[in-house]
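[1] turn this into a model:
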Amino acid sequence: MSLSTKSFITSISLLSLLSALPSLVSAHGHVKGITINGQDFPGFPSDNPGAAPYSSVAWAVEVPDNSFVRDYSSPDIICHKQAVPGTTSATVEAGGSVDFQWTDWPTHQGPIVDYMAECPGNCEDVDKTQLQWFKVAEQGLISTTGCNVKGNSGCWAIDKFIQAGSRWSVKVPSDLKAGNYVMRHEPINLDFPGQSQNYPACVNLVVTGGGSSTPEGVVGTSLYTGQEEGLNFLIYDMKSDATYPIPGPPVATMSGGSSDTYGSDVAASADDVASSADDVAASADDVAASADDDDTSADEVSECSSGKLKLRARKWVA
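    Prediction:
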């Protein structure tokens, strides 16, 4: 095959890919539900705004095609396109979690970052352009070994998120000062080099308890410039020693905080929670059965102290 023929075929292939891009990126997803302290709140149905609840902790947006934001200097990057504050707020204790349930995502890859910003008054009336955002959690490249159908493109936070049923949980810092806050949750798709796709979603919170931490932040239009390596990262042909710089400011330092007091990860599904509850109930039944079946004697207590006691109900060996 001649060089000119190869160039022609390559050009045709590239044109075919480019022409397919609109269909590939036009629809991804939105937050359809939020769970806090076991209470469920509806997300904003951006693909069907007419079905939105009158009162919601989720911010309302104008994204009928479930698309993304890429203009980092636009107010749309703050909480998505033409976002306006939710009409009410959900209460969460500092150290508690906010779980986001998205509609099903395709096989995209990239980081998930989460921010919070304190409202000077009620979050329902806040000017989003004045909110000062500080990062509370981030996950990016987990492993250079692929974990989805794409093959050698690494394993990412969004991979975990998709495999968990498009669920993600964000922990409110345990030492955060009580007050009114907006939480900003953001998956970032890196499938298209140099054309990262941000999907911010916001929710109003009233944080109770907590401590004294009041981290400094930046306005939403200063979170990214678009030139960051983490927004222009080539995920394909992943090298075994590759590292990924997560975009945005670093995770805020809380007084008294540590890596185990705040962060984010996949959220447990309702089935997982129910299964856990069943396991706890079963364990309680086992303990009761053991108490009924076993009349531990002084000799058995002595054997326990020497590491020999066996309980019939569960067959545990000390």
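
[2] isn't there a helix covering S46?
    No. Counting by DSSP: H, G, I helix; E, B strand; the rest coil, S46 falls outside a helix, being coil.

[3] list the contacts for it?
    By CB atoms under 8 Å, 6 or more residues apart in numbering, S46 lies in contact with 30, 61-64, 66, 80. For glycine as for every other residue, the C-beta is placed from the backbone atoms N, C-alpha and C.

[4] the residues you listed, buried ones only, as a PyMOL selection?
    The PyMOL command for the buried members of the contacts of S46 (criterion: 16 or more other CB atoms under 10 Å) is given here:
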select buried, resi 30+61+63+66+80
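
[5] just put the contacts of S46 in TSV and tack on secondary structure, pLDDT and distance to P45.
    Shown next, in TSV, are the contacts of S46 (DSSP: H, G, I helix; E, B strand; the rest coil; pLDDT from 0 to 100; distance: CB to CB, whole Å):
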residue	secondary structure	pLDDT	distance to P45
H30	coil	91	7
V61	coil	92	10
E62	coil	86	12
V63	coil	85	10
P64	coil	83	10
N66	coil	87	10
H80	coil	96	13
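
[6] adding distance to N148, write the contacts of S46 out as a markdown table.
    Formatted as a markdown table, the contacts of S46 follow (distance: CB to CB, whole Å):
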| residue | distance to N148 |
| --- | --- |
| H30 | 22 |
| V61 | 28 |
| E62 | 31 |
| V63 | 25 |
| P64 | 28 |
| N66 | 20 |
| H80 | 25 |
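
[7] and of the contacts of S46, the nearest to T87?
    Nearest to T87 among these, counting by CB to CB, is V61 at 13.7 Å.

[8] the protein: helices as residue ranges?
    Taking DSSP state H as the test, the helices found in the chain are 3-25, 76-79, 157-163, 270-293, 298-305.

[9] lowest-confidence stretch among the ones you listed?
    Looking over the helices of the chain, mean pLDDT reaches its minimum on helix 298-305, with a mean of 34.

[10] pLDDT weak spots in this protein?
    1-27, 149-152, 256-264, 267-318 (pLDDT under 70).

[11] tell me the domain boundaries of it?
    Using automatic domain parsing, the domain parsing of the chain gives 24-268, 274-317.

[12] point out the most buried one among those.
    The highest mean neighbour count among those, using mean count of other CB atoms under 10 Å, belongs to domain 24-268: a mean of 19.

[13] related to what we said a few turns ago, nearest to Y181, of the contacts of S46?
    Nearest member of the contacts of S46 to Y181, counting by CB to CB, is H80, at 17.7 Å.

[14] returning to that earlier point: of the contacts of S46, just say which sits nearest to W133.
    Nearest to W133 among these, with distances taken as CB to CB, is H80, at 14.1 Å.

[15] what residue, apart from its backbone neighbours, is nearest that closest one spatially?
    V61 (4.3 Å; CB to CB, 6 or more residues apart in numbering).

[16] settle this for me: the one you found is touching G43, isn't it.
    No. Assessed by CB atoms under 8 Å, V61 is found out of contact with G43, at 10.1 Å.

[17] and for those two, which residues touch both?
    With CB under 8 Å, 6+ apart as the test, V61 and G43 both reach H30.

[18] quick one, what contacts W133?
    Per CB under 8 Å, 6+ apart, neighbours of W133: 115-117, 184, 217-220, 223.

[19] would you check that Q132 makes contact with E118?
    Yes. In this structure, Q132 is within contact of E118 by CB under 8 Å, at 7.2 Å.
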